[in-house]
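Student: below are the sequence and a predicted model; questions follow.
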Amino acid sequence: MRYVDEYRDPALARGLAAEIRSLVTPGEVVRVMEVCGGHTHAIYRHGLEELLPPELELVHGPGCPVCVIPMGRVDDAIALAETDGVTLATFGDMLRVPGGRGSLLEAKARGADVRMVYSPLDALALAAQEPDRHVCFFAIGFETTAPATAVTLRRARAEETPNFSVFCNHVLIEPPLRAILETPGLRVDAFIGPGHVSSVIGTEAYDFIPEEYGRPVVVSAFEPVDLLQSIAMLLRQRADGRCEVENQYTRVVRREGNARAVAAIGETMEAREDFEWRGLGVLPKSALRVREAFAAFDAERLFTLPGARIEDPKACRCGDVLTGQIKPWECGVFGTACTPERPLGTCMVSSEGACAAFFSYGRLRRPREEAPVGA
Amino acid sequence: MSLDRERCLTCSDEAVAARVESVEELEAVIAVGPATERVAIDLVPDARPGDLLLCHAGIALERLEDAS
C-alpha cells in the first residue's frame, strides 16, 4: 500500500536503528518527548522501543486530545445530553471518558440521546434530518480537528440551521508545550513534533522551542521508519551542535501550514482566557471558544452548563503520565483498576493515550521486575 | 463500540491519505480501501480527481506530494 509499505520497510528501520545507536554516547541518556498521541500509539504498536539503545528514552507527551479533557467538561456534556430536546453528538472515544457523573455512554444508557459521529459535518447533517431535535456537537481536538469544526460552523451559518450548536473544547498545542518546558527540573532534551497538527499550523509554530528553550524539534510522520528517522535527525542535530526545527513529514507539512485552515479557525473561534487541562491545570489562552459572530451556534451561550471543576480520582496519575513524569506502568492502578474496558483515567480511554497504547502493545514485552506496579 | 486499535478512535477517522475519485462543488469522493467516503474540501478547494488528500474528521486538511 503506497504511503504505508515504504515507511514500514524492515531494512530501512534496521539501518536507522543502527544510525541511532551510533549517535548516542554510552551512559548518556537522551530523553525525547513525542508530543502527539498518534506517535505514542505507533511507538508501542510497532515496538520501536525494542530497537532503541538504552541511552535513548522516549517520554510520552500531552498530545492525546481525549486525555487532556477535564472531568468537569465531560459533566457539562452529560448535562447537555440530558437536556430535553437535545441530541448530543461526538466522536467515539468521548463517549467512554469518565466524568464526575459517569460517562456519556452511561448517560445514554439512562435515556439521554447521545450519538457517535465521525465528523462535525455529520452532526450538522443530523440536525437537518431531525428538525425537531437540537443537535449539539461536543467538539474536542487540537488544531488538527478544529478546522472541521470551523468548516461546520461556517456551513451552519450559511445554511441558517436553527437547531445546531457546538460545545467547543478545542485546545491549542503551544500552551501545554510551554507548560512542560517551564516545568522545574524538566527532563526532556528534544521533541518529536506532531505531524497532523503541523499540517495546519506549520513547522514555524515551534520556532519558540529552540529559540526560547534550547531544545531541538523534528516534526514527524507516523510510520515506524518516519519515527526512527525523526529520532536520528534529532540526534544528528545534537552531534552537529545544531538546535532548530526540522521537518521529517515533508510529504504533507509545510513551514507555513495551511493558511485556509488557520483562517477558518480564526474566523469562527477565538482563544479563551484560560482552560483547565487534565494533568496540567489551568493554562491561559490554551483553548478555543466560538466567536460572537457565530453565537447562534454556541452551546455555551445557548444553554446553562454546570461548569464545575472536578478533581481527578486520587489513584489516577494521568497528569503525571501526560507530562512525562512517570511511565504508564508506574501508575498504581494501571492494568488493575484501570483498563481499556473500564478506564479510570483518560489516558486509558483513547487508543492514542499512553496507558491504552502500552496496555495493548507494550506490557507483554516488559518483564514485571522492570515494571514495578505503583513504583 | 469498536475497540479497533488500528485507528484513532478520537474521531474514528485517523488522518489518512486518500485518493480523490470525483469532485462536486466543495465535496470530494475519496477511495478508502475498497470503499468510498465523502469529505469536505473547503480547505483544499482546488482538489481534483487523482489528487492525494490528507483527510481527518470528514474534511481534507492538505494535499500530499505525490511522487507516483
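Tutor: That came through, no problem.

Student: so B:Asp51 sits right up against B:Ala17, yeah?
Tutor: No. Counting by C-beta atoms under 8 Å, B:Asp51 does not reach B:Ala17; the two are 10.3 Å apart. From N, CA and C alone the C-beta is placed, and that goes for glycine too.

Student: A:His170: what secondary structure?
Tutor: On the three-state scheme (DSSP: H, G, I helix; E, B strand; the rest coil), A:His170 is labelled strand.

Student: A:Ala146 is in contact with that one, correct?
Tutor: Yes. A:His170 lies in contact with A:Ala146 (C-beta under 8 Å); the separation is 4.4 Å.

Student: any idea of the mean pLDDT in whichever helix in chain A runs longest?
Tutor: The residue-count maximum for a helix in chain A (DSSP state H) belongs to helix A:224-240. For helix A:224-240, mean pLDDT is 96.

Student: quick one on the thing from earlier: common neighbours of A:His170 and A:Ala146, please.
Tutor: Residues touching both A:His170 and A:Ala146 (C-beta atoms under 8 Å, 6 or more residues apart in numbering or on different chains): A:139, A:269, A:288.

Student: show me the shaky parts of the chain.
Tutor: Using chain A here. Within chain A, the segments meeting pLDDT under 70 span A:1-6, A:362-375.

Student: could you do chain B instead?
Tutor: Using pLDDT under 70, the flagged stretches of chain B are B:1-14, B:66-68.

Student: which of the shared contacts of A:His170 and A:Ala146 has the most neighbours?
Tutor: A:Ala139 (28 neighbours; other C-beta atoms under 10 Å in any protein chain shown).

Student: on that earlier part again, list the contacts of the longest helix of chain A.
Tutor: By C-beta under 8 Å, 6+ apart, helix A:224-240 touches A:6-9, A:12-13, A:16-17, A:19-20, A:23-24, A:30, A:32, A:34, A:39, A:42-43, A:46, A:48, A:51-52, A:56, A:189-190, A:192, A:216, A:218-221, A:243-244, A:246, A:248-249.

Student: what of stretch A:173-183?
Tutor: Outside stretch A:173-183, the residues that touch it by C-beta under 8 Å, 6+ apart are A:33, A:35, A:61-63, A:68, A:142-143, A:186, A:188, A:191, A:194, A:197, A:201, A:205-206, A:208-209, A:212-213, A:215, A:277, A:280-281, A:283-286, A:323-324.

Student: can you give me the strands for chain A?
Tutor: In chain A, the segments counted as strands under DSSP state E are A:30-36, A:56-63, A:86-90, A:113-116, A:134-141, A:164-170, A:190-193, A:217-219, A:245-247, A:269-271, A:274-277, A:281-284, A:288-290.

Student: what separation do you get for A:Arg251 and A:Phe222?
Tutor: 12 Å (C-beta to C-beta, to the nearest Å).

Student: no wait, A:Arg157
Tutor: According to C-beta to C-beta, A:Arg157 and A:Phe222 sit 34 Å apart.

Student: more neighbours: these two, which one.
Tutor: A:Phe222 (21 against 15).

Student: check which residues of the longest helix of chain A are buried.
Tutor: A:224-238 (16 or more other C-beta atoms under 10 Å in any protein chain shown).

Student: for the residue in the stretch 51-200 of chain A that chain B sits nearest to, which non-adjacent residue is closest in space?
Tutor: For the stretch 51-200 of chain A, the residue closest to chain B is A:Ser119, as judged by C-beta to the nearest C-beta, at 2.4 Å. Using C-beta to C-beta, 6 or more residues apart in numbering or on different chains and skipping the chain neighbours, the partner closest in space to A:Ser119 is B:Gly58 (2.4 Å).

Student: need phi/psi at that neighbour.
Tutor: The phi/psi pair for B:Gly58 (degrees, to the nearest 10) reads phi 90, psi 0.

Student: surely it is in contact with A:Leu124?
Tutor: No. Contact criterion C-beta under 8 Å: B:Gly58 and A:Leu124 do not qualify, at 9.8 Å.

Student: contact partners for A:Ala107?
Tutor: Contacts for A:Ala107 (C-beta under 8 Å, 6+ apart) come out as A:78, A:81-82, A:101, A:114.

Student: domains for chain A, by residue range?
Tutor: As assigned by automatic domain parsing, chain A contains the domains A:1-313, A:318-361.

Student: show me the one of those domains that comes nearest B:Val29.
Tutor: B:Val29 lies closest to domain A:1-313 among these, at 14.5 Å (C-beta to C-beta).

Student: next one: that closest one to chain centre, how far?
Tutor: On the basis of C-alpha atoms, centre = their mean, to the nearest Å, domain A:1-313 sits 3 Å off its chain's mean C-alpha point.

Student: then stretch A:333-341?
Tutor: That offset, for stretch A:333-341, works out to 20 Å (C-alpha atoms, centre = their mean).

Student: between its first and last residues, how far does it reach?
Tutor: 14 Å (C-alpha to C-alpha, to the nearest Å).
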